[in-house]
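> got a predicted structure here, sequence first:
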Amino acid sequence: MPKRHIVQIRVLVLLDSIFVIGGIFGYMALESLTFTDALLRTLLTFSTLGYGEVTSQSFMGKWFTIGLIVVGVAVI
């Protein structure tokens, strides 16, 4: 595999990691979720699966989710 591809893969993994960590802490702060629930919600949002039982309760949580969807689709 060319070195350029390895660098690109590393950058994408780093970006994904940053956004997942940001999503986890964002949901923990805005929605008072546990780490596990925040991780689940972040991964469901990024994967665009959507899961009926997982909904944001607060106004800011809804806007945070919208931002994660936009970023998740752009990164993936």
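Okay, I see it. Residues are numbered from 1 along each chain as shown.

> quick check: pLDDT value at Asp37.
At Asp37 the predicted local distance difference test score is 91.

> how about the secondary structure of the closest residue in space to it that isn't next to it in sequence?
Among residues not flanking Asp37 along the chain, Tyr27 sits closest, at 7.5 Å (C-beta to C-beta, 6 or more residues apart in numbering). From N, CA and C alone the C-beta is placed, and that goes for glycine too. Under DSSP: H, G, I helix; E, B strand; the rest coil, Tyr27 falls in the helix class.

> from Phe46, how far out is Tyr27?
Tyr27 is 12 Å from Phe46, where distance means C-beta to C-beta, to the nearest Å.

> these two - which one has more neighbours?
Using other C-beta atoms under 10 Å, the more surrounded residue of Tyr27 and Phe46 is Tyr27, with 25 against 19.

> which residue ranges of this protein form helices?
Applying DSSP state H to the chain gives helices spanning 3-31, 35-46, 59-75.

> distance of Leu12 from Leu68?
For Leu12, the distance to Leu68 - C-beta to C-beta - is 17 Å.

> Arg10 too?
Arg10 is 22 Å from Leu68, by C-beta to C-beta.

> and Thr36, how far is that from Trp63?
Computed with C-beta to C-beta, the distance linking Thr36 and Trp63 is 23 Å.

> more crowded one of these two?
Neighbour count, other C-beta under 10 Å: between Thr36 and Trp63, Trp63 has more, with 12 against 9.

> picking that back up, the residue nearest to Asp37 reaches Ala38, doesn't it?
Yes. Between Tyr27 and Ala38 a contact is recorded at 3.8 Å, counting by C-beta atoms under 8 Å.

> excluding chain neighbours, what is closest to Gln57?
Glu31 (6.3 Å).

> residues of the helix or strand bottoming out on mean pLDDT in the chain that come out buried?
Ranking every helix and strand in the chain by mean pLDDT, DSSP states H and E puts helix 59-75 at the bottom, with a mean of 85. Going by neighbour count (16 or more other C-beta atoms under 10 Å), the buried part of helix 59-75 is 61, 64-65, 68, 71-72.

> since that was my last question, I'll sign off now.
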